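>>> Sequence and predicted model, in that order:
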Amino acid sequence: MSENPEDGLPRLRDVIAKHRLSARKGLGQNFVLDLNLTRRIARAAGPFDGGAVYEVGSGPGGLTRGLFLEGAGHVLAVERDTRFAPILAEIGEAVSGRLDIVDADALKLDEAALLAAHGIALPVPVVANLPFNVGTALLVKWLKMAQWPPWWASLTLMFQKEVAQRVCAKPGENDYGRLSVLAGWRCRAKILFDVNRSAFVPQPKVTASVLHIEPLRSPRFAARLNDLETVSAAAFGQRRKMLRRSLRQLTPDADALLKTAGIEGTARAQELDIEQFCALARAYGNHRSENE
C-alpha cells in the first residue's frame, strides 16, 4: 500500500499498531492490509454506481475502504468484534456517515429485515473477506434462502481455496460434493483469482480464493430444497459406495427409488450431475409422501 492512501486515511498497518490490535484465532480473523488488493476485490464485485453494499466481517476496515474507493455509496457492515469500532468510526467520518456498523452474529441475522431497516433497497451485493471458521456456514445459509431469488444480488467472497473449489466443482471432479450441487442448482459461480497467504496478517496455512456467485432467477431443475439436501447428503456421505447402497439409509427399496429417477444403481454420487440429483430428489419426495 502506498504511504498516502487515496481515501485520505492512515495506512492500515499504522491504524492497527495505534490501537494495538491483533487477529483473534478464535474468530477466524486474518487481516488483509493491502488496499490495492481490497480494491481489486471491490472492483470484481462492482460496479456499484453509488449503490449500497452489505459487508460481513469488516475487521479493521481494509475491504470497507476499498468498497468506498470503488464507488459504493453506502456500506452496511456486520462486525461482532467491538475492538474495531473506533477504527470503523473513523472510516464512517471520512465518508460522511455513509457507513453503518452492526454489532451482531451474521449467522443469526435476518438480512432482508436488517437492510430494510436501514433503508437499503433489495437486492444488494454482498462483499466479504469471510472469517475462515464461519465462511462455509454463511454461504450455505445464503444459498438455502426460502425466498428465491434471494435478498442478495451477488456474493463476492474470499474463502479458503479448497472451499471455493468445492463450490465450483463439476461432476467427476474430486471436489464435487453437496456444496457443489446446492450452489450449481440455484446459482452461477466462478473463482475470480487466488490470494497468496502472504497477503494476510497473520499468514494462514492455506491459499485463499475470491469467489463470485450470482443467483439464477429460478433453480435449474425442479426439486424441493429439503429433498435435494437429503438425497445429496446420503449419496455423498458414502461417496465411494454405489448409490443402491448409500441410499438405503433413506429407504430399504433404494433400487426402486433410483429406477424412478432413471439412475443406475451402480452409479456413485460424484458421477451424477445436478439434473440427476434433482430427479432423485423428486423421486424421494414422492416416495416419502406415499409412505407418510
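Now that the structure is in, tell me what you want to look at.
>>> So what's the residue count around the closest residue to residue 174 other than its chain neighbours?
For residue 174, ignoring the flanking residues on the chain, the nearest one in space by CB to CB, 6 or more residues apart in numbering is residue 270 at 8.0 Å. Glycine gets a C-beta too; all of them are placed from N, C-alpha and C. When counting by other CB atoms under 10 Å, one arrives at 19 neighbours for residue 270.
>>> Please list the residues outside the lowest-mean-pLDDT helix or strand in the chain that contact it.
Counting by mean pLDDT, DSSP states H and E, the chain has its least confident helix or strand at strand 200-201, which shows a mean of 77. Strand 200-201 is contacted from outside by 23, 30-33, 208, using CB atoms under 8 Å, 6 or more residues apart in numbering.
>>> Can you tell me the SS state at the residue lying closest to residue 249 once chain neighbours are set aside?
Excluding the flanking residues, the one nearest residue 249 by CB to CB, 6+ apart is residue 234, at 5.5 Å. Per DSSP: H, G, I helix; E, B strand; the rest coil, the local secondary structure of residue 234 is helix.
>>> just residue 188 next, same as before
In the three-state summary, residue 188 is assigned as strand, counting by three-state DSSP.
>>> you'd agree it is up against residue 220?
No. When contacts are counted by CB atoms under 8 Å, residue 188 is not listed as touching residue 220 (9.9 Å).
>>> In stretch 204-214, which residues are buried?
Neighbour-count burial for stretch 204-214, counted by 16 or more other CB atoms under 10 Å, picks out 204, 208-213.
>>> picking that back up, could you export the next helix or strand after the least confident helix or strand of the chain as PDB, CA atoms only?
The helix or strand immediately downstream of strand 200-201 is strand 208-215, counting by DSSP states H and E. The C-alpha coordinates for strand 208-215 follow below in PDB (Å, rounded to 0.1, in the frame of the first residue of the first chain):
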ATOM      1  CA  ALA A 208      -7.400 -18.100  -0.400                       C
ATOM      2  CA  SER A 209      -9.600 -17.600  -3.400                       C
ATOM      3  CA  VAL A 210     -12.100 -14.800  -4.300                       C
ATOM      4  CA  LEU A 211     -15.400 -16.400  -5.400                       C
ATOM      5  CA  HIS A 212     -18.200 -14.600  -7.300                       C
ATOM      6  CA  ILE A 213     -21.700 -16.100  -7.200                       C
ATOM      7  CA  GLU A 214     -24.900 -14.800  -9.000                       C
ATOM      8  CA  PRO A 215     -28.300 -16.300  -8.200                       C
END
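>>> Buried residues, stretch 168-177. List them.
Across stretch 168-177, burial judged by 16+ other CB under 10 Å covers 168-169, 171, 175-177.
>>> want to throw the residues you listed into JSON lines with secondary structure, pLDDT and distance to residue 256?
Shown next, in JSON lines, are the buried residues of stretch 168-177 (DSSP: H, G, I helix; E, B strand; the rest coil; pLDDT from 0 to 100; distance: CB to CB, whole Å):
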{"residue": "168", "secondary structure": "helix", "pLDDT": "98", "distance to residue 256": "34"}
{"residue": "169", "secondary structure": "coil", "pLDDT": "98", "distance to residue 256": "29"}
{"residue": "171", "secondary structure": "coil", "pLDDT": "97", "distance to residue 256": "24"}
{"residue": "175", "secondary structure": "coil", "pLDDT": "96", "distance to residue 256": "31"}
{"residue": "176", "secondary structure": "coil", "pLDDT": "98", "distance to residue 256": "26"}
{"residue": "177", "secondary structure": "coil", "pLDDT": "97", "distance to residue 256": "25"}
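>>> what sits against residue 128?
Residue 128 sits in contact with 55-57, 63, 156-158, where contact means CB under 8 Å, 6+ apart.
>>> Go again with 10 Å.
The contact partners of residue 128, by CB atoms under 10 Å, 6 or more residues apart in numbering, come to 41, 45, 53-58, 63, 77-78, 106, 135, 138-139, 155-159.
>>> so which strand or helix has it?
Using DSSP H and E, the element containing residue 128 is strand 124-129.
>>> Please consider this matter closed, and thank you.
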